[in-house]
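Asker: Only the shape, not the letters, is given here:
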């Protein structure tokens, strides 16, 4: 569909042709459309997409990305925002990395180094958003899951399998432990703990056999609190680095299947034929294929159902007035499980949408006799990407109202039909997918059918629109080794995300399947998805409510530092001299506050990780009794609603082993060539650390873990919470379940922990209760060091030093029941005085800049270098620009690994057209 047609469709009102009813075009319809268009004009939505080079990494690797920011309705580049935020969250939704990046015509690219001082092994979520996108809720935020491994040769891989018995009351958990080299971890003593939430089901020391196997018999509760059991494995062999593995095991018991029923249009109405979609999910949040039967209240069979794809399917039912219905699933073992269908309404409407041809949809609206006899007016609105493409109003006749709608007036993607009553309240809604097959066509033209290791690979990219015309646009290209990184060529793609994923709520399994060419059942499965996972991303009341100012403003790409100066009475100070000082790079900027006490700095040189000192003075050139309130970026808090990721080391496929093997090989060869230079860098210095001017009540350096000034300098730009999370062993953030502590009123609330024990935090010798958010406001630059005190003898030193200690007054020693973290600041005056009157320390969100991907160049002179090239990302090209003829050239070198490479190319002309394509390259031995 052309862009001109798309824009015209936004204001097009079609006169319906009914076989059993009629449509009237009057002011009522025009008023609704005007309200919808007004909201769209005031709050134009944005969509952002990140193309990553791959989805699995190791510590020390780099994430390469390109970002595309679109206006959600037109898919032109968004002119609203000029700044993008990128975050990487760990498994407990804590942002371990956050940066911002300027957008030019909706495009930017960059890299995230996975440094060991910031990232740990685990599963992460990559998020991207603009400040403006926060007005629309978390469902508009781009997110993608990745895994990060340490890449060490002593890493363990776990094969996990659970066999159920006794109708799911018992399970035999079989575990096998392997090293990354596939060698069994045999005859190894371990502590195995299995829990359901906070209830421990199993906790024993055991030993693996010669093949690394062990089995555990479990008695399971009737219901599992968290949908899975959690397994914690602790290696008990001394000198092995206190290895601990934690992972979920999903049992997917029949009694725990979540089966939901969703009638077409939103409700069941008595005596009216209805299509009912259903979706069955296991404990792991993934679809489970099922079949069953429908029974009425008299236990008479009324129908049957079978899922088509990923637990989703449909069936038809004509509810009898006064009846209720139940679905029954019978397992192969004969166990029966019952689920209630929605209770049919006695009065109401239903709306059915079916495809009658490739270019038309048939819409049928039925109503109960009482609704028909009232001769009410109903409005029908058809929208896509937030714009109105179809509108009108009807009076439903005795035998219903039927009409056809052309698909051509909708752009490709999800279309939403809504039936409203005369009060503009939605009664029914139905989603359908429109596919004009008008994405950009991307072809890879190469001259060779195969290549050899270290060969120069070059080819041409040809891009055309749906009419065969050449397209000039911006594209990104990733080439990965299929032997190390599995190719996900249809699911995580720009086209799939923009047209499908971002239009529906929740996680979609294998979204690429629904749009795949050549899948015979894909079209019906896609319509089932529309029935079962369609949602309303806004309240219809918002369309007709008085316009409100958005909570979050769109930001340009320029860095700004703003704030407000006040006196002791919190009154603004006008014309106060304000100075901003940067130490790296060194520069000073000056300005003055306005009549409201507000100030702004702009026009900064190119910066990445900035730290500013801002000073304000009064008329007497003094900072006494002056307060500075900086306008700080307050990041959104995202609730992780996606299914739990199984850690990479559980039931890993062969590509993970290949990946790790190549990492080990590369590192060993590098060390041999450079005389173990890498290993020398990681030698542990055994000399005792101390914190200068420490407030440790046992004396400087008398602690179990110590981070000194050298560690603080190495942590530049990091918050105190990040330092604790990354550099204090066993530190975490969870619930406090120690009822013996004096602050037992906080039982069950979130609290800091070290190795499962609650934490008391001290600043310069004084105990203070600080929240996670407050610790994120303190940065390494204001700290001398951190001491972690765990040993009972060291804890006693604190208790004896505090004559008024609550625990001591209660007659308890508390030893071994909590941990103390002593933080020594540069100022030495504790938490409350970290801020100096008239001076503020401000750290903006780091601003990242594009980086070039390293591309080796092999020539006859260096083609035989000793170190093997075993990269998993063969090539990354973030800014591939096609000419007016729609063409671009690309070239890179193969690695030393024969096999197949997957090339993923995607991008846009940023004027409404998008495309994705893949091809496979063969690399064979000479």
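Answerer: It's in. Keep in mind it's a predicted model, so treat the numbers as computed, not measured. Residues are numbered from 1 along each chain as shown.
Asker: Please count neighbours and contacts with C-alpha atoms only from this point.
Answerer: Noted.
Asker: what does stretch 613-625 rub up against?
Answerer: 565, 567-568, 573, 576-582, 626, 628, 837-842 (C-alpha atoms under 8 Å, 6 or more residues apart in numbering).
Asker: which of the residues in it are buried?
Answerer: Using 16 or more other C-alpha atoms under 10 Å as the test for burial, stretch 613-625 gives 614, 615, 616, 617, 618, 623, 624.
Asker: Could you dump these into CSV and include secondary structure, pLDDT and distance to residue 343?
Answerer: What follows is the buried residues of stretch 613-625, written out as CSV (DSSP: H, G, I helix; E, B strand; the rest coil; pLDDT from 0 to 100; distance: C-alpha to C-alpha, whole Å):
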residue, secondary structure, pLDDT, distance to residue 343
614, strand, 92, 63
615, strand, 91, 66
616, strand, 92, 66
617, coil, 88, 69
618, coil, 81, 70
623, coil, 75, 69
624, coil, 74, 69
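Asker: Including distance to residue 849, could the residues you listed go into a markdown table?
Answerer: Shown next, in a markdown table, are the buried residues of stretch 613-625 (distance: C-alpha to C-alpha, whole Å):
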| residue | distance to residue 849 |
| --- | --- |
| 614 | 25 |
| 615 | 29 |
| 616 | 31 |
| 617 | 35 |
| 618 | 38 |
| 623 | 36 |
| 624 | 39 |
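Asker: of those, closest to residue 154?
Answerer: Residue 154 has its nearest neighbour among these in residue 614, at 48.1 Å by C-alpha to C-alpha.
Asker: So the closest one versus residue 608, what's the distance?
Answerer: Per C-alpha to C-alpha, to the nearest Å, residue 614 is found 18 Å from residue 608.
Asker: Look up phi and psi at the nearest residue to residue 431 once chain neighbours are set aside.
Answerer: Counting by C-alpha to C-alpha, 6 or more residues apart in numbering, residue 416 is the residue found nearest to residue 431 once chain neighbours are left out, at 4.6 Å. In terms of degrees, to the nearest 10, the main-chain angles of residue 416 are phi -120, psi 120.
Asker: Contacts only, for residue 416.
Answerer: With C-alpha under 8 Å, 6+ apart, residue 416 has these contacts: 381, 382, 383, 384, 429, 430, 431, 432.
Asker: With residue 713 instead?
Answerer: Going by C-alpha under 8 Å, 6+ apart, residue 713 touches 780, 781.
Asker: count of neighbours near residue 578?
Answerer: Using other C-alpha atoms under 10 Å, residue 578 has 22 neighbouring residues.
Asker: Wait, it touches residue 598, no?
Answerer: No - using C-alpha atoms under 8 Å, residue 578 is not in contact with residue 598; the gap is 10.2 Å.
Asker: what about the nearest residue to residue 103 once chain neighbours are set aside, distance to residue 600?
Answerer: Distance criterion C-alpha to C-alpha, 6+ apart; nearest residue to residue 103, sequence neighbours excluded, is residue 82 at 4.9 Å. According to C-alpha to C-alpha, residue 82 and residue 600 sit 19 Å apart.
Asker: In terms of neighbours, single out the busier of those two.
Answerer: Taking neighbours as other C-alpha under 10 Å, residue 82 and residue 600 compare with residue 82 leading, 22 against 16.
Asker: Please enumerate the helices of the stretch 451-600 of the chain.
Answerer: 494-499, 511-514, 522-533, 540-544 (DSSP state H, counting those that start in this stretch).
Asker: Rebuild these as a markdown table, extending it with mean pLDDT and distance to residue 699.
Answerer: Listed next are the helices of the stretch 451-600 of the chain as a markdown table, based on pLDDT from 0 to 100; distance: least, C-alpha to C-alpha, whole Å:
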| stretch | mean pLDDT | distance to residue 699 |
| --- | --- | --- |
| helix 494-499 | 95 | 57 |
| helix 511-514 | 92 | 59 |
| helix 522-533 | 94 | 61 |
| helix 540-544 | 64 | 62 |
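Asker: could these go into JSON lines alongside distance to residue 202?
Answerer: Shown next, in JSON lines, are the helices of the stretch 451-600 of the chain (distance: least, C-alpha to C-alpha, whole Å):
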{"stretch": "helix 494-499", "distance to residue 202": "42"}
{"stretch": "helix 511-514", "distance to residue 202": "38"}
{"stretch": "helix 522-533", "distance to residue 202": "38"}
{"stretch": "helix 540-544", "distance to residue 202": "51"}
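Asker: Out of those, which gets nearest to residue 556?
Answerer: helix 494-499 (23.3 Å).
Asker: Same list (the helices of the stretch 451-600 of the chain) but as a markdown table, adding distance to residue 194 and mean neighbour count.
Answerer: Output for those, formatted as a markdown table (distance: least, C-alpha to C-alpha, whole Å; neighbours: other C-alpha atoms under 10 Å):
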| stretch | distance to residue 194 | mean neighbour count |
| --- | --- | --- |
| helix 494-499 | 37 | 22 |
| helix 511-514 | 34 | 20 |
| helix 522-533 | 34 | 21 |
| helix 540-544 | 47 | 15 |
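Asker: Could you point out which of those sits nearest residue 266?
Answerer: Using C-alpha to C-alpha, the nearest of these to residue 266 is helix 522-533, at 9.1 Å.
Asker: what residues does the closest one touch?
Answerer: Counting by C-alpha under 8 Å, 6+ apart, 261-264, 277-279, 308-309, 312-314, 430-433, 504-506, 513-516 sit against helix 522-533.
Asker: Which segments of this protein make up each domain?
Answerer: The chain breaks down into these domains under automatic domain parsing: 1-42+257-436+486-548, 156-239, 440-485+872-926, 705-827.
Asker: Now render these as CSV, adding distance to residue 587.
Answerer: Converted to CSV, the domains of the chain look like this (distance: least, C-alpha to C-alpha, whole Å):
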stretch, distance to residue 587
domain 1-42+257-436+486-548, 40
domain 156-239, 50
domain 440-485+872-926, 33
domain 705-827, 18
